[in-house]
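J.: generate a structure from the sequence data that follows.
(one chain, ligands or ions: 1)
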Amino acid sequence: MKAKICLVEDDLDLLEALTATLDVEGIDYIAFDSAAEALTILERVPVDLVVSDINMPNMDGFQFLAAVRKQHPGLPVMLMTAYGQISQAVSALQNGAADYLVKPFNATHFIEAIGRYTNKSTPAVVNGPIAADAASKRTFELAARVAKTDSTVLISGESGTGKEVLARYIHEQSPRKSGPFVAINCAAIPENMLEAILFGYEKGAFTGAMNSMPGKFEQAEGGTLLLDEITEMDLGLQSKLLRVLQEREVERLGSRKTIKLDVRVVATTNRDLKKSVAAGSFREDLFYRLSVFPVHWLPLRERRGDILPLAKHLLGMHSSKMKLNGVQFSEAARSALQAYNWPGNIREMDNIIQRALIMQQNGLISSADLCLDSMTSSFVSDDHTVAELDDNAGYEDNFDETRGEGPDLGQEVRQREYQVILETLRNESGRRNRVAEKLGISPRTLRYKIAKMRESGIDIDACLAAG
Ligand SMILES: Nc1ncnc2c1ncn2[C@@H]1O[C@H](COP(=O)(O)OP(=O)(O)OP(=O)(O)O)[C@@H](O)[C@H]1O
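T.: Down below sits the predicted model:
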């Protein structure tokens, strides 16, 4: 199946350049200069990936992202942000974007980024996954061996340990590597849509089915289907899945035609599936069917030899994406990374490093920039509560004091501003009225700025606690 991209960019010159690049590469696409129009067409035209600008009039990239996530759960969205607006990139990921691209980017970079979501043979982690600890090396060796067979694999492990990375690795190492790798996150799709998305449907099969649509099983024909977070599937759908796995054929909703399948299934779970079976929330027969070959990913804290190599890898990846080349960890930052317990595993490390890149000065990430000490919201100032900070909806629309400071501010100025606010908060033990007074701004401006910092991924309470 040919990949189709939905491209949204209001800068017509850039839109033309991007479509020309896609034409040269022979990648199928639909292109729009407005998000609202794209949203309407997406109702009728299935695509594999949405690539959209953020700063657009009327419906901006974030609003578009929210609408796509609601109407097309599971469809990856990549947002394009302008150079100097790194915090937007971080917000994009926090709001559920699959990825981001910092402008300006060249054609190769663009095609590579798209390829991660559409090109069936592109690995998820550039230059291969990191495995420095002996335990991880063993896991990857095991995965490489099982990849050569056609057996179903069940990958278990805490959230963020790299289960999807391992699943892709299995696909890449398998004889199916030139076929598609299709992933579906069962937890991210509303229960009533999961069956249709997995098995496909015919036009009119249910209200809103305006066209026939192949399911994920069909899309993965000849390749690998990753059923991410399999425990989130209800018992009824579990029986249907079991039947598909046993018969190796599928019927679209609203059709009696059976479609033969040649698909290898990899499932992941962050729960103890045996416990789910014992509790009656997971079918025992499906458990045995899936766990023909179980692989368990250790949490990061139990394979500490991976911590620094992963941190270096993620720093390299994000600094080059953010166009902040040459940024390094200080010695103290390295020690802090190594000593930390990583409850959120590699996904947490990924977020922490992106945030540290916003916080760092002069190309050196200090241990304070990592904000590692406390991830709980224990810090509440004496004159304002954390809840009050969250209550910032609408500020942007009716608040003139900061107008014009947002998107055009250079990245360095923004970083410096964040740092000054944090430093003053620390010095004043979080008393926001005093901080506002010291900085010569109104308490309301301070609240707005703090809300912006939180939106861009800075955990203020953790940073202050780490102070
Ligand atoms: N060995 C690795 N090398 C490089 N990057 C990795 C590795 N393992 C994980 N990552 C990165 O860490 C992040 C989390 O990985 P992944 O999505 O595979 O975890 P997961 O266990 O499937 O998470 P969840 O349970 O939350 O879905 C991703 O950004 C991934 O690219």
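J.: nearest residue to Leu261 other than its sequence neighbours?
T.: Arg248 (5.1 Å; CB to CB, 6 or more residues apart in numbering). Placement of C-beta: from N, CA and C, glycine included.
J.: so how far is the ligand from the one you found?
T.: Distance, Arg248 to the ligand, by CB to the nearest ligand atom, to the nearest Å: 26 Å.
J.: my read: that residue touches Ile259, true?
T.: No: with contact defined as CB atoms under 8 Å, Arg248 does not reach Ile259; the gap is 10.1 Å.
J.: quick one, domains of the chain?
T.: Residue ranges for the domains of the chain, per automatic domain parsing: 4-118, 134-298, 301-370, 386-466.
J.: Throw these into TSV and include mean pLDDT and mean neighbour count, thanks.
T.: Shown next, in TSV, are these (pLDDT from 0 to 100; neighbours: other CB atoms under 10 Å):
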stretch	mean pLDDT	mean neighbour count
domain 4-118	88	18
domain 134-298	92	18
domain 301-370	91	18
domain 386-466	62	16
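J.: give me the phi and psi angles of Gly96.
T.: Torsion angles at Gly96 (phi, psi; degrees, to the nearest 10) stand at phi 100, psi 10.
J.: repeat for Arg303
T.: In terms of degrees, to the nearest 10, the main-chain angles of Arg303 are phi -140, psi 70.
J.: once you drop chain neighbours, what's closest to it?
T.: Among residues not flanking Arg303 along the chain, Asp133 sits closest, at 3.8 Å (CB to CB, 6+ apart).
J.: can you give me the pLDDT of the one you found?
T.: For Asp133, the pLDDT comes out at 94.
J.: ok, and the closest non-adjacent residue to Phe62?
T.: Asn95 (6.0 Å).
J.: circling back to that earlier point, and the domains of the chain as CSV, adding distance to Gly128?
T.: Shown next, in CSV, are the domains of the chain (distance: least, CB to CB, whole Å):
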stretch, distance to Gly128
domain 4-118, 14
domain 134-298, 8
domain 301-370, 10
domain 386-466, 27
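J.: which residues does the nearest residue to Pro190 once chain neighbours are set aside contact?
T.: Excluding its sequence neighbours, the residue lying closest to Pro190 (CB to CB, 6+ apart) is Pro73, at 6.4 Å. By CB atoms under 8 Å, 6 or more residues apart in numbering, Pro73 lies in contact with Ala188, Ile189, Pro190, Met193, Ile197.
J.: tell me the secondary structure for the fourth one?
T.: The assignment at Met193 comes out as helix when based on DSSP: H, G, I helix; E, B strand; the rest coil.
J.: over to the first one?
T.: Three-state assignment for Ala188 (three-state DSSP): coil.
J.: quick check on it: phi, psi?
T.: Ala188 adopts backbone torsions of phi -90, psi -10, taken as degrees, to the nearest 10.
J.: so it touches Leu75, yeah?
T.: No: counting by CB under 8 Å, Ala188 stays clear of Leu75, with 10.3 Å between them.
J.: which single residue of the stretch 251-400 of the chain ends up nearest the ligand?
T.: Ile346 (3.5 Å; CB to the nearest ligand atom).
J.: so Ile30 sits in a strand?
T.: Yes: under three-state DSSP, Ile30 sits within a strand.
J.: correct me, but it touches Pro46?
T.: No: taking contacts as CB under 8 Å, Ile30 lies outside contact range of Pro46: 10.4 Å.
J.: need the residues touching each of these two.
T.: Lys4.
J.: quick one: name the residues of the stretch 301-450 of the chain near the ligand.
T.: For the stretch 301-450 of the chain, the contact set with the ligand under CB under 6 Å from any ligand atom comprises Leu310, His313, Ile346, Arg347, Asp350.
J.: what distance do you get for the second one to Lys103?
T.: The one in question is His313. 24 Å (CB to CB, to the nearest Å).
J.: enumerate every residue touching Tyr169.
T.: Pro123, Gly128, Pro129, Phe140, Ala143, Ala144, Ala147.
J.: am I right that it sits in a strand?
T.: No: using three-state DSSP, the assignment for Tyr169 is helix, not a strand.
J.: separation between it and Ser335?
T.: Counting by CB to CB, the gap from Tyr169 to Ser335 is 30 Å.
J.: dihedrals phi and psi, the residue of the chain found nearest the ligand?
T.: Using CB to the nearest ligand atom, Gly162 is the residue of the chain that sits closest to the ligand, at 2.7 Å. In terms of degrees, to the nearest 10, the main-chain angles of Gly162 are phi 110, psi 30.
J.: just the element for the residue nearest to it when sequence neighbours are not counted, please.
T.: Closest residue to Gly162 apart from its sequence neighbours, by CB to CB, 6+ apart: Ile346 at 5.5 Å. If you go by DSSP states H and E, Ile346 is part of helix 345-359.
J.: centroid residue for this protein?
T.: Ala98 (4.3 Å; CA atoms, centre = their mean).
J.: list the contacts for that residue?
T.: Leu49, Pro76, Val77, Met78, Tyr117 are the contacts of Ala98 under CB under 8 Å, 6+ apart.
J.: let's see which of the residues you listed end up in strands.
T.: In strands, defined here by DSSP state E, the members of the contacts of Ala98 are Leu49, Val77, Met78.
J.: let's have those residues in JSON lines, adding distance to Gly204.
T.: Output for the ones in strands among the contacts of Ala98, formatted as JSON lines (distance: CB to CB, whole Å):
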{"residue": "Leu49", "distance to Gly204": "27"}
{"residue": "Val77", "distance to Gly204": "28"}
{"residue": "Met78", "distance to Gly204": "32"}
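J.: Glu218: which of the residues you listed is nearest?
T.: Glu218 has its nearest neighbour among the ones in strands among the contacts of Ala98 in Leu49, at 18.1 Å by CB to CB.
J.: how near is that closest one to Gly74?
T.: In terms of CB to CB, Leu49 sits 11 Å off from Gly74.
J.: how about Ser178?
T.: From Ser178 to Gly74 the distance is 24 Å (CB to CB).
J.: ok, now Ala20?
T.: Distance, Ala20 to Gly74, using CB to CB: 29 Å.
J.: now Ser442
T.: 44 Å.
J.: residues contacting Tyr418?
T.: Ile358, Met359, Met453, Ile458.
J.: quick check: the second one touching Gln419?
T.: This means Met359. Yes: look at Met359 against Gln419 with CB under 8 Å: they come within range, at 6.8 Å.
J.: contact partners for the residue of the chain closest to the ligand?
T.: Gly162 neighbours (CB under 8 Å, 6+ apart): Pro129, Trp297, Asn345, Ile346.
J.: circling back to that earlier point, any chance of the contacts of Tyr418 in JSON lines, plus distance to Asn341?
T.: Converted to JSON lines, those look like this (distance: CB to CB, whole Å):
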{"residue": "Ile358", "distance to Asn341": "23"}
{"residue": "Met359", "distance to Asn341": "21"}
{"residue": "Met453", "distance to Asn341": "25"}
{"residue": "Ile458", "distance to Asn341": "21"}
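J.: since that was my last question, I'll sign off now.
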